[in-house]
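Participant: mind folding the following:
(chains A, B, C and D)
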2 protein chains.
Amino acid sequence: MENTIKKILSLGLKEESLPKLLPLFEKAEFPKGHMLIKAGRTERSVYLLEKGIARAFCHKDDKEINFWLGAESNILLSYNSFFLNTPGYENIELLEDSVLYKISHNALQNLYLTDLELANWGRRLAESELIKAEECFIARQFKTAKECYEDFITTSPDILQRVQLGHIASYLGISQVTLSRIRAEIR
Amino acid sequence: MENTIKKILSLGLKEESLPKLLPLFEKAEFPKGHMLIKAGRTERSVYLLEKGIARAFCHKDDKEINFWLGAESNILLSYNSFFLNTPGYENIELLEDSVLYKISHNALQNLYLTDLELANWGRRLAESELIKAEECFIARQFKTAKECYEDFITTSPDILQRVQLGHIASYLGISQVTLSRIRAEIR
DNA sequence: AAGAAAATTTTACAAATGTTAAAAAACGAA
DNA sequence: TTCGTTTTTTAACATTTGTAAAATTTTCTT
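Facilitator: Numbers count the residues shown, from 1 in each chain, chains lettered A, B, ... in the order given. Okay, here's the model as predicted:
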């Protein structure tokens, strides 16, 4: 669980607190296409993606729209459902055969409410996700479709190779036709 | 500091912890047009907006683009700068004469690292902002400009009255001409 | 109230993106 | 391989949105 531990420690958790957290994780493997999280459910787990790729999407009318795409070392959860304990609107699907580590809401909550070091780790986790979310939002407001795609190429070249373009277009907020045009233009 | 306390308690802080937190806040008043936070600075304060309206914006080429707009009971900070202790890219300007409560990074950090209850409060604060940030991002991906404006009317009718339309157009990610067209269509 | 300044709307045209459908290319299973 | 399916690209056209500039309305000041 190398990727998972790397992710955990990157948020400044002290090494000595690792033994409190790690035993709560449970390894889980799922095939490509598995729906890890489904809208309408109240999700009581968080996952760390050890190996694989996942997309988060919502439904707009009859279409699916991706709003997140990520590979190894990412956290998978429905913010809305997990934090507020209500049915979520997010779906998360695995786009490759994947290995994950799963931790339950209860287990995590118990740690948070009894262990200062881990409570602060959880805070930093949320803060770092918040920075990323804001950056995504701002990038979308600032940039043309072409700029967004160019950013994507440089920040996630691996995902570009491993995921079909329709998913990437949806994630970038453009139609697949537009993405094709951009790709033709750059080439 | 009614609005500020309401905001603090809404995140599930126990009443008995309030006396630890409140004395750290310092009241501050600024006139309309004051730049509370400037890009390039490393910001060491968070503000709670007791009275007034603020916008957060970045520069794109020579233009300003709003990415946040809020009134009373909102938290004002540069996520990037405050959490990571680096120069931020965000600017925050007050759009009305405003009353704020200010707390320093050091004071807050001391509390977080010594008080379990407050560390968890800080975690929930970041989590709730994260949910909002994600919702904003998704809404923008999902909705047409017209739908975004209609949402804005219903969720923030007060801001619509108090802020000029150019700022709202920028926040909605559209030109002012497009906003005018939408308004003419709805009328 | 009158004039100046600022904000908003309107107009005309250009550029970007979406939709639908067809063509081409890539991929997989027998 | 070869056929059939899926994915990607291309084409044609419609729609949306942006830009620049002018017209109008609102706001502020004297």
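Participant: quick one: pLDDT of A:Lys32?
Facilitator: In this prediction, A:Lys32 carries a pLDDT score of 94.
Participant: wait, what's in contact with it?
Facilitator: A:94-98 (C-beta atoms under 8 Å, 6 or more residues apart in numbering or on different chains). Any C-beta I mention is one placed from the backbone N, CA and C, and that applies to glycine too.
Participant: same question, A:Lys7
Facilitator: Counting by C-beta under 8 Å, 6+ apart, the residues that A:Lys7 touches are A:48, A:73-75.
Participant: quick one on the thing from earlier: check the contacts of A:Lys32 and tell me the two furthest apart.
Facilitator: Farthest apart among these by C-beta to C-beta are A:Leu95 and A:Asp97. That separation is 9.6 Å.
Participant: B:Ala133 is in contact with A:Ala133, correct?
Facilitator: Yes: counting by C-beta atoms under 8 Å, A:Ala133 sits close enough to B:Ala133 to count as a contact (4.0 Å).
Participant: what's the burial count for A:Ser175?
Facilitator: A:Ser175 sits with 13 neighbouring residues when counted by other C-beta atoms under 10 Å in any protein chain shown.
Participant: so it versus A:Ala145, what's the distance?
Facilitator: 9 Å (C-beta to C-beta, to the nearest Å).
Participant: so what's in contact with those two at the same time?
Facilitator: With C-beta under 8 Å, 6+ apart, A:Ser175 and A:Ala145 have no common neighbours.
Participant: can you tell if stretch A:146-154 touches chain B?
Facilitator: No: looking at stretch A:146-154 against chain B by C-beta under 8 Å from any C-beta of the partner chain, there are no contacts, and the closest approach is 10.4 Å.
Participant: who has more neighbours, A:Leu95 and A:Asp97?
Facilitator: Neighbours per residue (other C-beta under 10 Å) separate A:Leu95 from A:Asp97, with A:Leu95 holding more: 19 against 14.
Participant: now the more buried one, nearest residue through space, not along the chain?
Facilitator: In space, not counting the residues next to it along the chain, A:Leu95 is nearest to A:Ile53; the distance is 4.4 Å by C-beta to C-beta, 6 or more residues apart in numbering or on different chains.
Participant: which residues sit in contact with the one you found?
Facilitator: Per C-beta under 8 Å, 6+ apart, neighbours of A:Ile53: A:69-71, A:94-96, A:98, A:159, A:162-163.
Participant: for DNA strand C, what is the nearest residue in chain A?
Facilitator: With C-beta to the nearest atom of the strand, the shortest gap between chain A and DNA strand C falls at A:Thr178, namely 3.1 Å.
Participant: what's the helix or strand for that residue?
Facilitator: helix A:176-186 (DSSP states H and E).
Participant: tell me the buried residues in that helix?
Facilitator: Taking 16 or more other C-beta atoms under 10 Å in any protein chain shown as the neighbour-count basis, helix A:176-186 is seen to contain the buried residues A:179, A:182.
Participant: is it up against chain B anywhere?
Facilitator: No: counting by C-beta under 8 Å from any C-beta, no contacts exist between helix A:176-186 and chain B, the nearest distance being 14.2 Å.
Participant: show residues contacting that helix.
Facilitator: Residues contacting helix A:176-186 (C-beta under 8 Å, 6+ apart): A:145-146, A:149-150, A:165-166, A:168-170, A:172, A:174.
Participant: using TSV, lay out the residues you listed together with secondary structure.
Facilitator: What follows is those, written out as TSV (DSSP: H, G, I helix; E, B strand; the rest coil):
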residue	secondary structure
A:Ala145	helix
A:Lys146	helix
A:Tyr149	helix
A:Glu150	helix
A:Leu165	helix
A:Gly166	helix
A:Ile168	helix
A:Ala169	helix
A:Ser170	helix
A:Leu172	helix
A:Ile174	coil
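Participant: closest to A:Phe82 out of the residues you listed?
Facilitator: Nearest member of the contacts of helix A:176-186 to A:Phe82, counting by C-beta to C-beta, is A:Ser170, at 23.4 Å.
Participant: with adjacent residues omitted, what lies nearest to that closest one?
Facilitator: Nearest one to A:Ser170, counting by C-beta to C-beta, 6+ apart, is A:Asn66 at 4.2 Å.
Participant: is that neighbour part of a helix or strand, or is it coil?
Facilitator: Once three-state DSSP is applied, A:Asn66 turns out strand.
Participant: residues in contact with it?
Facilitator: By C-beta under 8 Å, 6+ apart, the neighbours of A:Asn66 are A:55-57, A:167, A:170-171.
Participant: ok, A:Gly166 next?
Facilitator: Neighbour list for A:Gly166: A:Gln176 [criterion: C-beta under 8 Å, 6+ apart].
Participant: state the distance from it to DNA strand D.
Facilitator: 4 Å (C-beta to the nearest atom of the strand, to the nearest Å).
Participant: for chain A, what lies in contact range of chain B?
Facilitator: By C-beta under 8 Å from any C-beta, the residues of chain A that approach chain B are A:58, A:60, A:65, A:67, A:79-80, A:83-84, A:112-116, A:119-120, A:122-124, A:126-131, A:133-138, A:140-142, A:173.
Participant: and A:Asp115, how many neighbours?
Facilitator: A:Asp115 has 17 neighbours, counted by other C-beta under 10 Å.
Participant: doesn't A:Lys20 make contact with it?
Facilitator: Yes: distance between A:Asp115 and A:Lys20: 6.4 Å, which falls inside the contact criterion (C-beta under 8 Å).
Participant: packing partners of the strand or helix carrying A:Ala133?
Facilitator: Counting by DSSP H and E, the element that carries A:Ala133 is helix A:116-142. In terms of contacts (3 or more C-beta pairs under 8 Å, 6 or more residues apart in numbering or on different chains; DSSP states H and E), helix A:116-142 is packed against helix A:18-21, helix A:105-114, helix A:145-155, strand B:54-60, strand B:63-70, helix B:79-84, helix B:105-114, helix B:116-142.
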